[in-house]
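K.L.:
okay, sequence plus prediction incoming.
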Amino acid sequence: MKINNKTNFKKAEQFLIYKSSNYDTSRLVVTMSTACKGERYKGYCAYPTKPGKSAKGWRFDLAKGIFRITSNVNLKSHYPYKGEVSIGTKSINERMFEWITKEVSFNNIEEMLVFVLGHEVHHFLCKTKQLKGTGQRNTQCQANKRGIEWFREFIQ
C-alpha cells in the first residue's frame with residue numbers, strides 16, 4: 001500500500017497501516033487530505049478500469065489495476081460533531097422501508113478521518129473479495145458500519 005498523507009495526522013496513518021496489515025493492499029494507493037471544501041468529509045474508492053488510450057495521471061494507475069482511495073476532511077469543521085450515519089434498512093411493508101441510523105460523535109478531525117478511511121477500505125476489501133462471511137456486502141450501510149468500527153477502536 002502506498003500512502004500519500006497530505007495531513008499532519010500520523011496516528012490516523014499508523015492506524016490505517018495496522019488495520020490493513022492482514023489484507024493484500026499491494027494494489028492500493030491511499031490519499032489522506034484536508035482539501036475538502038463545502039462538506040465536512042468526503043471519500044471515494046476508485047476501482048481499476050480496462051486500459052484505454054486516454055488514461056492519464058491517476059486514471060493511468062486505474063488502467064494498470066491499481067485501486068485508489070481518497071479520504072478528505074474539512075479543516076474548517078467544528079468539533080465535537082454529532083451526526084447520524086445509515087447502517088441498514090428495516091422493511092415497513094412490501095414496498096417501503098426505513099433507514100436504521102446510528103449516532104456518532106467525533107471529538108476531532110482525525111477521528112472523522114479514521115471513520116472515512118474505514119468506510120472506503122471496506123469498499124476496497126469487498127471489491128477485491130478479501131472479506132468473508134455474512135453481512136460483508138459492498139453497500140454504503142456496510143461501509144458505514146466498518147467506519148464506525150474503526151472509529152470506535154481508534155478512540156480506545
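P.N.:
Structure received.
K.L.:
tell me which residue is most central in this structure.
P.N.:
Central residue of the chain (Cα atoms, centre = their mean): residue 120, 2.1 Å from the mean position.
K.L.:
show me the contacts for that residue.
P.N.:
Counting by Cβ atoms under 8 Å, 6 or more residues apart in numbering, residue 120 touches 43-45, 69-71, 143. Every C-beta, even on glycine, is put in place using the N, C-alpha and C of the backbone.
K.L.:
can you pick the most crowded of those?
P.N.:
For the contacts of residue 120, the largest number of neighbours (other Cβ atoms under 10 Å) sits with residue 71, at 27 neighbours.
K.L.:
does that residue count as helix, strand or coil?
P.N.:
Look at residue 71: counting by DSSP: H, G, I helix; E, B strand; the rest coil, its state is strand.
K.L.:
next, give me the two most distant ones among the contacts of residue 120.
P.N.:
The span of those, defined through Cβ to Cβ, is set by 70 and 143 at 14.4 Å.
K.L.:
for the residue nearest to residue 149 when sequence neighbours are not counted, what are phi and psi?
P.N.:
Distances taken as Cβ to Cβ, 6 or more residues apart in numbering place residue 118 nearest to residue 149, at 6.5 Å, with adjacent residues excluded. The phi and psi values for residue 118, taken as degrees, to the nearest 10, are phi -60, psi -40.
K.L.:
the one 3 residues further on too?
P.N.:
Main-chain torsions, residue 121, degrees, to the nearest 10: phi -60, psi -30.
K.L.:
so what's it up against?
P.N.:
16, 19-20, 45, 69, 146, 150.
K.L.:
now do it against residue 17, distance only.
P.N.:
As judged by Cβ to Cβ, to the nearest Å, residue 121 and residue 17 stand 11 Å apart.
K.L.:
quick one: the helices in this protein?
P.N.:
10-20, 58-63, 109-127, 140-155 (DSSP state H).
K.L.:
quick one: mean pLDDT for the shortest one?
P.N.:
Helix 58-63 shows a mean pLDDT of 56.
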